[in-house]
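**Student:** here you go, sequence then predicted model.
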Amino acid sequence: MYSEVFISLRAQDLGYGRSLFERLLLCLQDNQDWCPISLNVQCRMHHAICSFPSAHFYNNMLLTDLALEHSKSQFSGPPYIVFDVKDSKEQCDEICSFQNPVEAQLAIITAEYLLQCGVLSVAVLTPYTAQCVCINRILRSSSRDRSCRIEVGKVEGFQGREKDAVVLSCVHANGEGSSTNIRPLDASQLNCTGFLHDKHQLNVALTRAKMSLIILGHLNTLMKFPLWNALITDARQRKVVVSTTEATIKRNIEMIFQERNPNGKSFGEGKHRDGKYHRCLVAKRKEGPPT
C-alpha cells in the first residue's frame, strides 16, 4: 500500500505523502509489545529484477524463492535492461501531464519483442495519463494480433498486480538528446515531476514484472533525481544499460534478446548479491512482500 500521489513537494515535505500503513508502523516502532514482522521471501520477480528494490526499499532483506528460477529459466529474453533513449523529448500539456512520442513508439516495439520471446502477458506502464493516451493511440493503429496482449496503464493503478513482463516508460527528457544541452529544471517543472521524487511509485513500477523489466528513459534527465541516479548507477555497474535511438532500437533489441553469455544466461542476468537463493517455505504462495 502506498500513499496518494502529491504534486506539491511542500506537502510531501510535511509528511502528507505518508500512507496510513506507514503511520501505523511509526506509531508502533517504539512499542516493544508490538513488533512488526516483515515477510522477506518474494515469489514473483526474477532475482535480477529484485536486486535494486531489495537494496533501496527493503534494506537488502528480500530473498528470491528458488522455485521461481526453473520456471523463469525458460524465458529467452533479458530479465532486466535499462535503455537510454538518446533522441527522446518530453511534451507537457496545460494540466502538467507529460508525453513522449518517441518512448511511446519504442515501448510498443519492445513489448512486441517480449511477446515473441514467449511471455504471455506484457504491461506498458508510465506515470502520466497523456503518455497512456499516446501509447494506446499507437497500439490501436497496429493491426498485429499481439496488440490485444499488451496492457497499457499508469503506475499508480498497478499496485497489487503483476505481469510476465513490464516495459516502463519514464517519459521525462528535457533536453535535445545531448548531455551538453540539458535545461535545468525550474520550479514549475519540479512540481510536475512528482513521480521522479516518489520512492513509493518507483517501488511499485519496479516490482510488477515476473520475468522481464525493460526501462525506457533519457538517463541524463533522470540522473538529476537522487533515487533515479542510484538506479542508473546500479544498472551501469551491472552492465545492463544500453544506449539507443528511435532509428536503432530494433537492432539493439534483436542483439540483446539473442545474446547469451558462456553460461547460457540472458544478457544482464546475474547472481543474487550473496550468491544464494532462499527457498520459500510455503510452496503455493504466489506473491512476496511487494504488492
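**Tutor:** Right, received. Where do you want to start?
**Student:** isn't Leu120 right up against Asp164?
**Tutor:** Yes. Between Leu120 and Asp164 there is a contact at 5.5 Å, judged by CB atoms under 8 Å. C-betas here are computed from N, CA, C, even on glycine.
**Student:** who has more neighbours out of the two?
**Tutor:** For Leu120 versus Asp164, neighbours defined as other CB atoms under 10 Å are more numerous around Asp164 (20 against 10).
**Student:** so the more buried one, which state does it fall into?
**Tutor:** strand (DSSP: H, G, I helix; E, B strand; the rest coil).
**Student:** what separates it from Tyr80, distance-wise?
**Tutor:** Between Asp164 and Tyr80 the computed distance is 14 Å (CB to CB, to the nearest Å).
**Student:** which strands and helices lie in contact with the helix or strand harbouring Ile109?
**Tutor:** Assigned by DSSP states H and E, Ile109 falls within helix 101-116. Judged by 3 or more CB pairs under 8 Å, 6 or more residues apart in numbering; DSSP states H and E, the packing partners of helix 101-116 are strand 80-85, strand 122-126, helix 129-140, strand 150-154, strand 163-169, strand 209-217, helix 249-258.
**Student:** shared neighbours, Asp164 and Tyr80?
**Tutor:** Ser212 (CB atoms under 8 Å, 6 or more residues apart in numbering).
**Student:** hang on, isn't His197 packed against Phe225?
**Tutor:** Yes. If you go by CB under 8 Å, His197 and Phe225 touch, sitting 6.5 Å apart.
**Student:** centroid residue for this protein?
**Tutor:** For the chain, the residue nearest the mean C-alpha position is Leu206 (3.4 Å; CA atoms, centre = their mean).
**Student:** just to revisit the earlier point, quick one: contacts of the helix holding Ile109?
**Tutor:** 77, 83, 85, 87-89, 91, 122, 124, 126, 131, 134-135, 138-139, 142, 144, 146, 149-150, 164-165, 167, 169-171, 173, 212, 214, 216-217, 244, 246, 249-250, 253-254, 257.
**Student:** still on that earlier bit, out of the helices and strands packed on helix 101-116, flag the one nearest Leu202.
**Tutor:** strand 163-169 (9.5 Å; CB to CB).
**Student:** sheet partners, orientation included, of that closest one?
**Tutor:** strand 122-126 (parallel), strand 209-217 (parallel) (DSSP bridges).
**Student:** out of the contacts of helix 101-116, which are buried?
**Tutor:** Listed as buried from these are 77, 83, 85, 88-89, 122, 124, 126, 131, 134-135, 138-139, 146, 149-150, 164-165, 167, 169-171, 173, 212, 214, 216-217, 244, 246, 249, 253, 257; burial here means 16 or more other CB atoms under 10 Å.
**Student:** span of stretch 213-231 from start to end?
**Tutor:** Stretch 213-231 has an end-to-end distance of 13 Å (CA to CA, to the nearest Å).
**Student:** and if you look at stretch 214-233?
**Tutor:** 16 Å.
**Student:** tell me the mean pLDDT over it?
**Tutor:** Stretch 214-233 comes out with an average pLDDT of 94.
**Student:** test my guess that Phe225 contacts Phe195.
**Tutor:** No. With contacts counted by CB under 8 Å, Phe225 stays clear of Phe195, the gap being 9.5 Å.
**Student:** which of those two has more neighbours?
**Tutor:** Phe195 (22 against 19).
**Student:** now do the contacts for the more buried one.
**Tutor:** Per CB under 8 Å, 6+ apart, neighbours of Phe195: 5, 127-128, 155, 201-202.
**Student:** switch the helices and strands packed on helix 101-116 over to TSV; also include distance to Ser97.
**Tutor:** Shown next, in TSV, are these (distance: least, CB to CB, whole Å):
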stretch	distance to Ser97
strand 80-85	19
strand 122-126	10
helix 129-140	4
strand 150-154	10
strand 163-169	13
strand 209-217	17
helix 249-258	24
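**Student:** what's the closest of the ones you listed to Gln32?
**Tutor:** strand 209-217 (38.0 Å).
**Student:** show residues contacting that closest one.
**Tutor:** 44-46, 49, 72, 75, 77-85, 88, 103, 106-107, 110, 114, 117, 119, 123, 162-170, 172-173, 206, 228.
**Student:** elements contacting the very next helix or strand once past it?
**Tutor:** For strand 209-217, the following helix or strand on the C-terminal side (DSSP H and E) is helix 219-222. Under the contact criterion of 3+ CB pairs under 8 Å, 6+ apart, helix 219-222 touches helix 226-237.
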